[in-house]
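>>> okay, here's the prediction I keep looking at, along with the sequence it came from:
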Amino acid sequence: MNLWFRLLWYILSVRWRPRIEMPDGISRLTFRVWPHDLDTSLHLNNGRYLTLMDVGRLDVMVASGLWRAVLRHRWTPVASAIKIRYRREIRAFERFELETRLVTWSDLTVVMEQRFVFKDGDKAGQLAAHALFKGGLYDRAARRFVPIDRLMAETGITAEAPPATSEVTAFLKADRALKDAVRRDD
């Protein structure tokens, strides 16, 4: 239920949010940990991180103008892989900022980096968690993923994909290995 309130707040406040210039723009959303976000260790539940990351990626789509094309063509955002590294716990009532940015892309998928950074107090500016996301937009009518070149054209971007960092390369390699292992087991 908490996500619905945060999503509603996002929708109500989106018109005052700054536009994100892609492919280099960064979405920054501020959150506070509420009691219903906590797990039994009294810190932000690990599943809640993933849920909040959805809102960060939504902000990238909306603030870059891509959301209009997503609605017009009835495309569906699809996550295919996520890797998250927890570094410091975020405790009850602490504020943090979720930074989301595009780091590279291939023919059909993008890789985004998402960082949870403490907003206030003696931990301000410190990294709490770091994640890499791989996904794309799926066209159900065509039964295929939408080519990234088309997504870029929808928002007026003509850019080459930045080279993958060693971290992104390791993430994609691990994703491919897991995908191959699952296929062998099926």
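That came through fine. Numbers count the residues shown, from 1 in each chain.
>>> packing partners of whichever strand or helix holds residue 104?
Applying DSSP states H and E as the criterion places residue 104 in strand 95-105. Counting contacts by 3 or more Cβ pairs under 8 Å, 6 or more residues apart in numbering; DSSP states H and E, strand 95-105 is packed against strand 26-32, helix 46-64, strand 110-118. From N, CA and C alone the C-beta is placed, and that goes for glycine too.
>>> the second one: what's the following helix or strand?
By that I understand helix 46-64. Toward the C-terminus from helix 46-64 - assigned by DSSP H and E - lies helix 66-73.
>>> circling back: tell me how far the strand holding residue 104 lies from the chain's centre.
6 Å (Cα atoms, centre = their mean, to the nearest Å).
>>> coming back round to it: tabulate the helices and strands packed on strand 95-105 (JSON lines), appending mean pLDDT.
Shown next, in JSON lines, are those (pLDDT from 0 to 100):
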{"stretch": "strand 26-32", "mean pLDDT": "95"}
{"stretch": "helix 46-64", "mean pLDDT": "93"}
{"stretch": "strand 110-118", "mean pLDDT": "98"}
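>>> pick the most deeply packed of the ones you listed.
Neighbour counts (mean count of other Cβ atoms under 10 Å) averaged over each of these peak at strand 110-118, with a mean of 21.
>>> nice, that's everything, thank you.
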